[in-house]
Structure formats: C-alpha cells, structure tokens
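Engineer: Sequence and predicted structure, then a few things I'm wondering about:
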Amino acid sequence: MSKRVYLLNGPNLNLLGQRQPEIYGAETLADVEAACLILARDLGLDLRCLQSNYEGQLVDWIHEARDDAQAVVINPGAYSHTSIAILDALNTFDGPVIEVHVSNIHAREPFRHHSYVTQRAQGVILGCGVEGYPLALRRVATLLG
Ligand code: CA2
C-alpha cells in the first residue's frame, strides 16, 4: 500500500530563509521541501508538499488527505493559535498527525503558547529549526510501519 503523506505549511512559511533568520533559520521552504522529498523516498513515503497563506485552502487539503493520505505533517503557522477550522478538519482525518513548529513557541510571546492543533496531534516537534520537518517524517515512518 502506498504511504502517502501530506506536508502542509501555513501562512508566511513561504518566506522561510528570507526574513528573521535568527528565529526561522536560513533555509528556504524550497530547500526544506527538497530535503524532505529525498528523505521521504528513503523512508518509503510518497510525500506531497503544499503551502498556503489561506486557512480555507489548508482545510481543503486536509479534506483531500482523508481519501488520499495516510498521515499529515503540518506547520499551521499562526493559524495554530487561532484556527478551530483547521482543528475540526484534522479531526475528520483518520491517520497520524504530527505538528511542527520551527521555533519554540513556548519561549515566545504568550499568544503563541497555545495551539489548537496540538489537541489532535499525535506528536509535536518544536524549537528544532527546520530539522523538525525530517524528524516528523521519521516519526510518521515509524507510526505507519
Ligand atoms: O515556529 C513556527 O514554525 C511557527 O509556526 C511560525 C509562524 C508563527 O506564527 C508561529 O507562531 C510559529 C510564523 C511563520 C512566519 O514565517 C516567517 C518565516 C520567515 C520570515 C518571516 C516569517
């Protein structure tokens, strides 16, 4: 069976590597996705990388994942802290969900300390920079067996 995994990135993460490198590092989202695609192939995962600045688009992709994917890795960006819609969508998905944050949201402003998505996530990786994405894929590979 194909082990399709969606790697979803939310708002502003298309700017990775272009602003605030002291928080988010120097690698671009294209760099991160390219490295993840290579790792995924080695792990036997069929990875689909998607980024949007729009909440509804992220919800639509999570709905697509219901029939098309076995796991979701998601960095919802600032929607982590606001979006019950993304949480509700993830609650309709049956497989493992791993939440990634590049920064340590608990060491930042109080409004970043709570994530709605965490309630649904099987695992959360934060504060590991963009290395969090490959760590999440390794966890997914373990969970999918
Ligand atoms: O640490 C993370 O990964 C975040 O999800 C990133 C979000 C932030 O709102 C969350 O609280 C934590 C923001 C992404 C902003 O991305 C940028 C990347 C490069 C330059 C500027 C912004």
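Structural biologist: All right, it came through fine.

Engineer: and Gln51, bridged to which residues?
Structural biologist: Asn9 (DSSP bridges).

Engineer: wait, what's in contact with it?
Structural biologist: Gln51 makes contacts with 8-10, 13-14, 29, as judged by C-beta atoms under 8 Å, 6 or more residues apart in numbering. Any C-beta I mention is one placed from the backbone N, CA and C, and that applies to glycine too.

Engineer: can we see that at 7 Å?
Structural biologist: Applying C-beta atoms under 7 Å, 6 or more residues apart in numbering to Gln51 gives the contacts 9, 13-14, 29.

Engineer: and the ligand, which of the residues you listed contact it?
Structural biologist: With C-beta under 6 Å from any ligand atom as the criterion, the contacts of Gln51 include Leu13 near the ligand.

Engineer: quick one: which of the contacts of Gln51 is most hemmed in?
Structural biologist: Asn9 (25 neighbours; other C-beta atoms under 10 Å).

Engineer: Test my guess that that one contacts Pro76.
Structural biologist: No. With contacts counted by C-beta atoms under 7 Å, Asn9 stays clear of Pro76, the gap being 8.4 Å.

Engineer: neighbouring contacts of stretch 5-15?
Structural biologist: With C-beta under 7 Å, 6+ apart as the criterion, stretch 5-15 contacts 29, 36, 40, 45-53, 58, 61, 65, 69-79, 133, 140.

Engineer: I meant to write stretch 17-35 there.
Structural biologist: By C-beta under 7 Å, 6+ apart, stretch 17-35 touches 9, 13-14, 16, 49, 51, 102-103, 129-130, 133-134.

Engineer: Look through every helix and strand of the chain and give the one with the lowest mean pLDDT.
Structural biologist: The weakest-scoring helix or strand in the chain, judged by mean pLDDT, DSSP states H and E, is helix 21-24 (a mean of 88).

Engineer: Show me what counts as buried in it.
Structural biologist: Tyr24 (16 or more other C-beta atoms under 10 Å).

Engineer: Spell out which residues of the chain are next to the ligand.
Structural biologist: 12-13, 15-16, 18-20, 24, 75, 77-78, 80, 101-103, 105, 112.
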